[in-house]
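# test case, fold it:
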Amino acid sequence: MTPADPSATSLAAHTVREIIEASRYLVLATADATGRPWSTPVYFAHIGLTEFFWVSSPDVTHSRNIAQRPEVGIVVFDSQAAIGKGQGVYMSAVAALARDGDSARGIAAFSRRSVAHGGREWTSEDVGPGEGMRLYRATAGSHWILAKDGQPDHRVHVPLS
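Sure thing, here's the model as predicted:
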């Protein structure tokens, strides 16, 4: 699968969409100001394939790291896939507390997905200043998937329009 091949690019973009739609959790990789890494799974919602939202306490490690260093890595994958059959979406992104218009759109998307998965409804009041939880947003700038060409750890860039 090469990025120059339009049918391969279309198939790769379809794969990205399927994986993101089917998954409930993403793994968020952050680092503190000194570069010490931290990763954590978070339940997420998304708008399109580039905006990701989750709810977290601002006091937890990944939230504190984002406040110091907003560049993050994200992986979405099926942890139940058979050995050698797994596929994931790898992303570079920038994350922050959701602000103003992003907050309203994000909490609406998060609430819809939460309810669809049997969770509770969320409102802007649930994640406002002074509350224990806040809404975070990551904007992905690039996506990759593993090429299924027999080469170990061969990632293919997936342009998304």
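
# ok, so what distance separates V156 from A13?
V156 is 11 Å from A13, where distance means CB to CB, to the nearest Å. C-beta here means a position set from N, CA and C on the backbone, and glycine is covered the same way.

# straight-line length of stretch 37-57, end to end?
From its first residue to its last, stretch 37-57 covers 18 Å (CA to CA, to the nearest Å).

# how about the CA coordinates for the lengthiest strand in the chain, as CSV?
Ranked by number of residues, the top strand in the chain under DSSP state E is strand 134-146. Below are the C-alpha coordinates for strand 134-146, written out as CSV (Å, rounded to 0.1, in the frame of the first residue of the first chain):
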residue,chain,number,x,y,z
ARG,A,134,-12.9,19.1,32.6
LEU,A,135,-13.3,18.5,28.9
TYR,A,136,-10.1,18.1,26.9
ARG,A,137,-9.6,18.3,23.1
ALA,A,138,-6.9,16.9,20.9
THR,A,139,-6.5,17.9,17.2
ALA,A,140,-4.7,15.3,15.2
GLY,A,141,-2.3,16.6,12.6
SER,A,142,-1.3,13.3,11.0
HIS,A,143,-2.4,9.7,10.9
TRP,A,144,-0.6,6.4,10.2
ILE,A,145,-1.6,2.8,10.1
LEU,A,146,0.5,-0.3,9.9
